[in-house]
Each structure stands twice: as structure tokens, then as C-alpha cells.
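Chemist: sharing a model that was predicted from the sequence below.
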Amino acid sequence: MRLKNKGLRLNTLGAVILMVICQGCGVYSFTGASIAPDVKTISIQNFYNDSGGGPPSLSQNFTEELKDYYQQNTNLQLVDDEGDLQLEGSIVTYNTSPVAPVASSSDNVPDEPGATRLTIYVKVNYVNNKNEKESFSRTFQFYDDFDSQTSTLTAEEDRLIETIFERIIYDIFNATVANW
């Protein structure tokens, strides 16, 4: 019986030490967010599509996915304007380019791309009204490829955009509230 009591005391002591350490360092979550306790709100303005490419709903979808990600992964309240944290920006590049060229079988036929790459750049202006040193203006980008010999951009576009947006949003989140 003595051993069980001793183990219980050690577990309790360990839990108390862990709570003290975590409380002294700010607010942490399992998503990696490290948000100061005085930061309560975030405002995310509509991101515009300044790239001249992509589907008509590109900017609206990006903005809504960004808002959803912050709401799902933080306790921040989303407000229309003047949040403690503020995000705004635009999609500045929506570009396809050939990659992995495949040689044609004839000298009279040009080589073809074996894959095509879709690249999206998003410029973000981030303002932290509680700690101005963390504010920044930065461009985030990511790409994804598809087999252009067996498919088309039209057929692959939704999947490509989803993959690219997931990565860009993750990178924005880490740069703003995870301080990476």
C-alpha cells in the first residue's frame, strides 16, 4: 500500500510542475498556437485575387478557409474589424508551368511536359495590435503538380487548389500565432 501512495504523490507532483511550467509560458494548444492571454480577437479581411487567374471564387474560398482554420484551431473570436490580430492581403500569383519534360518521338513534334505545376502566391499583411514587433508583410507560396499527359488543369484544378490552400494557410497560421 505504501508504494501506491508514493506513486500517486509523484504523479500528482509531476502534474503540478507541468501546470506551473505551462502557465508561466503563455497559452499553448495542441495545434502549436502560442497566443498571449490578452489576445482575444482576430479580424480577417477579404483576400482579393490580384493574380488575374484562377476560378472566380478563388479569393472567397481562400478567405473562408483561412477564417475556418483560425476558428477551429484557436479560441480567438472572429470580429469584422479592429481585432487584436489582423490579417489582410491578396492572391498575387496563380500560375501554371510545365515541369518534367517528356521527349517526343519525332524531331517535328516539340517535347511535352510530363507534368504541369500550379503555383499560388498569397501576400499577407499581419498586424498584432498587442505586440507590434510580431507584425509583418510577407508572401506565402506553394505548388502542386498534375500529370498533364493524362489529365487537364480543368479536371485537376479543385484538388490542386485545395492542397495548395491547405499548405499556405498552415504556413500563415504558424507564422502568426505559432511564431515559427
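Modeler: Cool, the structure landed.

Chemist: pretty sure Tyr48 sits against Ser59.
Modeler: Yes: Tyr48 is in contact with Ser59 according to Cβ atoms under 8 Å; the separation is 5.3 Å. C-betas here are computed from N, CA, C, even on glycine.

Chemist: identify the contacts common to these two.
Modeler: 90-91 (Cβ atoms under 8 Å, 6 or more residues apart in numbering).

Chemist: buried residues, stretch 69-80. List them.
Modeler: By 16 or more other Cβ atoms under 10 Å, the buried positions in stretch 69-80 come out as 69-70, 73-74, 76.

Chemist: same question for stretch 165-180.
Modeler: 165, 167-173, 175-178.

Chemist: centre of the chain to it, how far?
Modeler: 4 Å (Cα atoms, centre = their mean, to the nearest Å).

Chemist: what do you get for stretch 59-77?
Modeler: On Cα atoms, centre = their mean, the centre of stretch 59-77 falls 10 Å from the chain's centre.

Chemist: now the buried residues of stretch 69-80 in JSON lines, with pLDDT and distance to Ile161?
Modeler: JSON lines is the format used below for these (pLDDT from 0 to 100; distance: Cβ to Cβ, whole Å):
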{"residue": "Tyr69", "pLDDT": "97", "distance to Ile161": "15"}
{"residue": "Tyr70", "pLDDT": "96", "distance to Ile161": "19"}
{"residue": "Asn73", "pLDDT": "94", "distance to Ile161": "21"}
{"residue": "Thr74", "pLDDT": "93", "distance to Ile161": "24"}
{"residue": "Leu76", "pLDDT": "95", "distance to Ile161": "25"}
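
Chemist: if I look at Thr96, how far off is Asp84?
Modeler: Computed as Cβ to Cβ, to the nearest Å, the Thr96 to Asp84 distance reads 38 Å.
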